[in-house]
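A.B. asks: Sharing a sequence plus its predicted fold:
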Amino acid sequence: MLNPDHMPEADSCPQPGHEPSPVPPPYPAPHSFPPETLLHLQKGFSRILWGMPLGVLLFAGVIQVRWPPFMRLPPYVMAVVLIGWGLAALFAASLPRRAWRNALRLCAGLVFLLFYFAPFLQWLTAQPYSTYLTLNVLGLLTTAAIVLYAVNMLVSEAAAAFGLRTMQIEARLCAFSSLAVVLLPLWGWIGYAGYHAWRYNWPLTGVLEGLYQLPLFHWATLLPLIPLAFTLTMCGKMSLVAEKQLNNGKQSTS
């Protein structure tokens, strides 16, 4: 006879057809990433790392470029091409995460907008008091500010792939701080100028230029350099992480 004290509990008995299926992790282990993925990550973030400061220098006119006569685009598009080349490498990495793909699509859309707004910047030099052209150039600046957010979100998702919780948090903080430090003051400046242009029937470009001459607004234009430096740091750190994992994989196979 069976002893009821030694009867197996119902919960511990495996039921046919009800075996618990293991929950797959959101990412594979860092060492399981193929070398191609690590190489794409390293190249992608390195190109973005070089493309962003190059774009700032070209946009500000620190680096002068002479285009051929048939080119009607501002020189900063060369940096946008470099950033787009980096995004192409990150698309090829194919990390298995929906948030990663969404961040990539956001970056790709922003790069397209940087191309779209480029002619308006060129046309504004010929018609400096056109409100329509001025609004499009302000759209260009807004797009550039959101690029900082999107790139940091890419770094955050890549850090999650490698299990780097601290770097993931740092990248997210950099992403939201870029919106607070760059986007909010920019739109405050635009709103203030737009109100005075509407109230006194002045050209929007003239009001913006007048505000820029004030010492407070003049120094406020340097604020975007802070989140830009943080973003470049995060891109560099992620590129080094991918390169280190790639080198470790080569050493283990040799």
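C.D. replies: Received, thanks. These numbers come from a predicted model, not from an experiment. Numbers count the residues shown, from 1 in each chain.
A.B. asks: can you pull out the helices in the stretch 151-254 of the chain?
C.D. replies: In the stretch 151-254 of the chain, the helices defined using DSSP state H, counting those that start in this stretch lie at 165-178, 184-200, 204-212, 215-220, 225-253.
A.B. asks: Measure how buried Pro69 is and give me the count.
C.D. replies: Summarising burial for Pro69: neighbours were counted as other CB atoms under 10 Å, giving 6. Backbone N, C-alpha and C define where each C-beta goes, glycine included.
A.B. asks: what do you get for Leu95?
C.D. replies: The burial count assigned to Leu95 is 21, neighbours taken as other CB under 10 Å.
A.B. asks: Contact partners for it?
C.D. replies: Counting by CB atoms under 8 Å, 6 or more residues apart in numbering, Leu95 makes contact with Tyr27, Thr37, Glu157, Ala158, Ala161.
A.B. asks: Could you rerun that using 7 Å?
C.D. replies: The neighbourhood of Leu95, defined by CB atoms under 7 Å, 6 or more residues apart in numbering, consists of Glu157, Ala158, Ala161.
A.B. asks: Just the ones of those residues in strands?
C.D. replies: When DSSP state E defines the strands, the subset of the contacts of Leu95 inside them is empty.
A.B. asks: What is the lowest-pLDDT residue among those?
C.D. replies: Among those, Ala161 carries the lowest pLDDT, at 87.
A.B. asks: Not counting its own residues, what contacts the lowest-mean-pLDDT helix or strand in the chain?
C.D. replies: When the helices and strands of the chain are compared on mean pLDDT, DSSP states H and E, helix 215-220 comes out lowest with a mean of 74. The list of residues contacting helix 215-220 from outside it, by CB under 7 Å, 6+ apart, reads Pro185, Trp189, Leu211, Tyr212.
A.B. asks: can you pull the buried residues of it?
C.D. replies: Residues of helix 215-220 classed as buried: Phe217, Ala220 (neighbour count, 16 or more other CB atoms under 10 Å).
A.B. asks: now stretch 73-86
C.D. replies: Residues of stretch 73-86 classed as buried by neighbour count (16+ other CB under 10 Å): Pro74, Pro75, Tyr76, Val77, Met78, Ala79, Val80, Val81, Leu82, Ile83, Gly84, Gly86.
A.B. asks: ok, so of these, who is nearest Pro227?
C.D. replies: Proximity of these to Pro227 was ranked by CB to CB; the top entry is Ile83 with 16.2 Å.
A.B. asks: Run through the residues that contact the closest one.
C.D. replies: Applying CB under 7 Å, 6+ apart, one finds that Ile83 lies in contact with Arg47, Ile48, Gly51, Met52, Val111.
A.B. asks: please redo it, this time with the cut-off set to 8 Å
C.D. replies: When contacts are counted by CB under 8 Å, 6+ apart, Ile83 is found next to Arg47, Ile48, Gly51, Met52, Gly55, Val111, Val147.
A.B. asks: Was I right to think the last one contacts Gly109?
C.D. replies: Meaning Val147. No: with contacts counted by CB atoms under 8 Å, Val147 stays clear of Gly109, the gap being 10.3 Å.
A.B. asks: Would you confirm that Gly51 contacts Leu82?
C.D. replies: Yes: look at Gly51 against Leu82 with CB under 8 Å: they come within range, at 3.6 Å.
A.B. asks: Give me the buried stretch members for whichever strand or helix holds Thr142, please.
C.D. replies: Secondary-structure element containing Thr142, defined by DSSP states H and E: helix 131-161. With burial defined by 16+ other CB under 10 Å, the residues of helix 131-161 counted as buried are 133-134, 136-138, 140-161.
A.B. asks: I figured Ala160 hits Ala103, correct?
C.D. replies: No: between Ala160 and Ala103 there is no contact, the gap being 11.3 Å when judged by CB under 8 Å.
A.B. asks: How far off centre is the strand or helix carrying Ala118?
C.D. replies: Following DSSP H and E, one finds Ala118 within helix 98-126. Going by CA atoms, centre = their mean, to the nearest Å, the spacing between the C-alpha centre of helix 98-126 and its chain's C-alpha centre is 11 Å.
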